[in-house]
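Visitor: got a predicted structure here, sequence first:
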Amino acid sequence: MTKKPRAAIPKASARRGRPRSLETETAILEAAYRLAASQGLSATTVDAIARESQVSKMTIYKWWPSRDALLIDAFLRQAAVMVPLPEQGDPLSILRDHAAAYARALNTDFGKVQVAVIAEDMAKNGSGALFRDRYLKARKGIGVQVIQRGQDAGRFRRSVSAAELYDRIYGTLFYQFLFGLRKVTPAHARALVESVLLPE
């Protein structure tokens, strides 16, 4: 029996200072996501996160440069759990499964939190750059590498860059979900992956 590859959980960014307690960090990130999903971002203050996680505000401020950065890292952790993206394995299977999991997640609180976090980033900073740098780069980097492996093996179309192919898949899914253009389902996501990646 072939051992299933473990999902990669990318790190949002390198940070200086004393090493963190993994248990404490997890408690903070889980509390932040739980509050955002159940009560909305306006109620997910650092005070509320500190109370929910039973961790001091001083620790939270020491580990994250801003509340927004903490919320994005909390979303990144949840994405790694709900929408795993393995680096090893069959490229087409990985991307079909990942896109299907993303479609499934969008129809839960995960989708609501993603839209809210991006909207707040854009409202406060004029762009989604913080979300891009702390979340999208890590996830997209792995996805692009998987697509490149498929291209190198001659299985995926090579006339378009791996980064562009990735954007066509996940940009389309998020756009369709955000504006309610269609019901985003796992079956639709799998079909989209094949239509984008496989040569005609």
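Guide: Nice, thanks for sending it over. Numbers count the residues shown, from 1 in each chain.
Visitor: all contacts plus neighbour counts: C-alpha atoms, from now on.
Guide: Will do.
Visitor: can you list contacts of the helix or strand harbouring residue 195?
Guide: Assigned by DSSP states H and E, residue 195 falls within helix 186-197. Outside helix 186-197, the residues within contact range by C-alpha atoms under 8 Å, 6 or more residues apart in numbering are 92, 95-97, 99-104, 156-157, 165, 168-169, 173.
Visitor: so which of those residues is the most crowded?
Guide: Counting neighbours by other C-alpha atoms under 10 Å, residue 99 comes out on top of the contacts of helix 186-197 with 27 neighbours.
Visitor: what helix or strand is that one on?
Guide: helix 91-106.
Visitor: the next helix or strand along the chain from that helix vs helix 91-106, what angle?
Guide: Next along the chain after helix 91-106, taking DSSP H and E as the criterion, comes helix 109-125. Angle of helix 109-125 versus helix 91-106, following axes from the mean of the first three to the mean of the last three C-alpha atoms, to 10 degrees, is 80 degrees.
Visitor: tell me the helix or strand right after helix 109-125.
Guide: Criterion used, DSSP H and E; the element after helix 109-125 is helix 129-131.
Visitor: which helices and strands does that following helix pack with?
Guide: Secondary-structure packing of helix 129-131 (3 or more C-alpha pairs under 8 Å, 6 or more residues apart in numbering; DSSP states H and E): helix 67-82, helix 109-125.
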